[in-house]
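Enquirer: Quick one: sequence plus predicted model below, questions after.
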Amino acid sequence: MAGPGKPCTTLARAAPKRLSEALFDGRLLVFEDLPPVRRLAERARAILAGVFATDDPCTAEDRLSAPAFRRLALRARKVIGEDETIERHWHDTLSTIGYLPADTWLDRIRLRAVPSRDDIDHQRLQVLPPHRDTWGSGIAAQVNWWLPLYPLSDTRTMLLWPAAFRHPVANDSADWSFDAFRRGGSADYPLLPVARESPPAPALPVSIAPGQLLAFSAAHLHGGVSDGSGVTRFGIDTRTVWDPDRRAGRGAPNVDCAAGTEMWRWYSPPQGAGAGERQ
């Protein structure tokens with residue numbers, strides 16, 4: 001079994017409770033050769049090819065103006081986020097892993113598009129600074145899922161700081177408010193709470209291949225990195241909470257999160273849950 005913070009594939013066929021326990025201990029789990037993941041990625045790539053009118057959307061930023069790229073990338077985010085086929089493949093993925101959708105809180109499926117150019121400036125298309133998702137959600141049982149759609153490089157990927165999993169990092173989670181973000185309607189309000197100090201070194205570049213799926217605790221410190229290669233990074237990410245974890249009080253350690261509210265309203269409740277479950 002891999003140590004905390006090291007990618008591990010040997011647990012990929014474990015029971016969901018054991019998967020959760022490993023994730024909340026800081027392990028990074030990589031799932032390989034899952035047919036619904038392959039189908040999801042193929043569908044997402046087909047949508048990108050259609051929106052960008054090219055079989056190589058990763059290099060589309062080289063031929064498009066900044067406004068044109070922003071417009072197409074945001075359109076692709078919307079189409080993928082609303083695509084029922086992708087949603088079905090994701091539900092099949094969770095069922096294959098063992099987190100049945102009927103027992104799982106589900107966040108939206110998002111296209112992550114990170115261009116290498118500095119002039120393509122939009123909150124939803126930026127390289128994310130170091131952060132823990134729990135600083136915003138306040139949910140210790142949250143699991144993050146990350147799927148690259150095209151090959152990565154160490155300078156064009158997601159970064160993780162496993163050494164920070166059990167060590168506090170100064171951050172602004174006490175000051176950040178989702179309601180203020182929504183009310184602001186301005187790029188001036190931060191998209192998410194972030195670290196106020198440099199993360200502990202070293203960072204771990206995520207180097208999984210297209211078709212592989214990474215799961216990690218939302219309490220992991222992570223961010224993005226890009227380069228001037230002219231190649232856009234496209235991937236899929238989403239978040240879940242397995243309801244048995246929530247009910248049992250299982251979750252990752254909270255070493256520095258000052259979020260005042262658990263953001264269950266970001267999630268669709270398990271299919272069997274009543275309306276009162278969403279808080």
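Expert: Sure thing, it's come through.
Enquirer: Does residue 176 touch residue 138 like I think?
Expert: No. Between residue 176 and residue 138 there is no contact under CB atoms under 8 Å: 10.8 Å. Every residue, glycine included, has its C-beta placed from N, CA and C.
Enquirer: which residues do the two both contact?
Expert: Listed as contacting both residue 176 and residue 138 by CB atoms under 8 Å, 6 or more residues apart in numbering are residue 259.
Enquirer: mind listing the strands in the stretch 51-200 of the chain by residue range?
Expert: 104-106, 110-114, 143-148, 157-160 (DSSP state E, counting those that start in this stretch).
Enquirer: what comes into contact with the first one?
Expert: It refers to strand 104-106. 94, 238, 240, 241, 242, 243, 246, 264, 267, 268, 269, 270.
Enquirer: For the second one, give its distance to residue 108.
Expert: Put plainly, it is residue 238. 7 Å (CB to CB, to the nearest Å).
Enquirer: Can you name the element that comes right after the lowest-mean-pLDDT helix or strand in the chain?
Expert: One helix or strand of the chain scores below all others by mean pLDDT, DSSP states H and E: strand 7-8, with a mean of 60. Once strand 7-8 ends, the next helix or strand along the chain (criterion: DSSP states H and E) is helix 16-24.
Enquirer: Just the angle for that next one relative to strand 143-148, thanks.
Expert: In terms of direction (axes from the mean of the first three to the mean of the last three CA atoms, to 10 degrees), helix 16-24 departs from strand 143-148 by 80 degrees.
Enquirer: just checking, what packs against helix 16-24?
Expert: strand 28-31, strand 213-217, helix 243-248 (3 or more CB pairs under 8 Å, 6 or more residues apart in numbering; DSSP states H and E).
Enquirer: These into JSON lines, with extra columns for mean pLDDT, mean neighbour count and distance to residue 234?
Expert: Below are the helices and strands packed on helix 16-24 laid out as JSON lines (pLDDT from 0 to 100; neighbours: other CB atoms under 10 Å; distance: least, CB to CB, whole Å):
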{"stretch": "strand 28-31", "mean pLDDT": "96", "mean neighbour count": "22", "distance to residue 234": "19"}
{"stretch": "strand 213-217", "mean pLDDT": "98", "mean neighbour count": "23", "distance to residue 234": "15"}
{"stretch": "helix 243-248", "mean pLDDT": "98", "mean neighbour count": "18", "distance to residue 234": "30"}
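Enquirer: just so I know, which of those lies nearest residue 101?
Expert: helix 243-248 (10.6 Å; CB to CB).
Enquirer: who's in contact with that closest one?
Expert: With CB under 8 Å, 6+ apart, helix 243-248 has contacts from 16, 17, 20, 103, 104, 105, 141, 251, 270, 273.
Enquirer: picking up where we left off before, save the helices and strands packed on helix 16-24 as CSV, and put in distance to residue 69 too.
Expert: Putting the helices and strands packed on helix 16-24 into CSV (distance: least, CB to CB, whole Å) gives the following:
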stretch, distance to residue 69
strand 28-31, 31
strand 213-217, 26
helix 243-248, 39
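Enquirer: of the ones you listed, which approaches residue 80 most closely?
Expert: Across the helices and strands packed on helix 16-24, closest to residue 80 is strand 213-217 (CB to CB), at 16.0 Å.
Enquirer: In its sheet, which strands sit next to the closest one, and in what direction?
Expert: Its sheet considered, strand 213-217 pairs with strand 28-31 (antiparallel), strand 143-148 (antiparallel) by DSSP bridges.
Enquirer: which outside residues touch it?
Expert: Counting by CB under 8 Å, 6+ apart, 7, 19, 23-24, 26-31, 34, 37, 93, 142-147, 160, 165, 206, 208, 222, 252 sit against strand 213-217.
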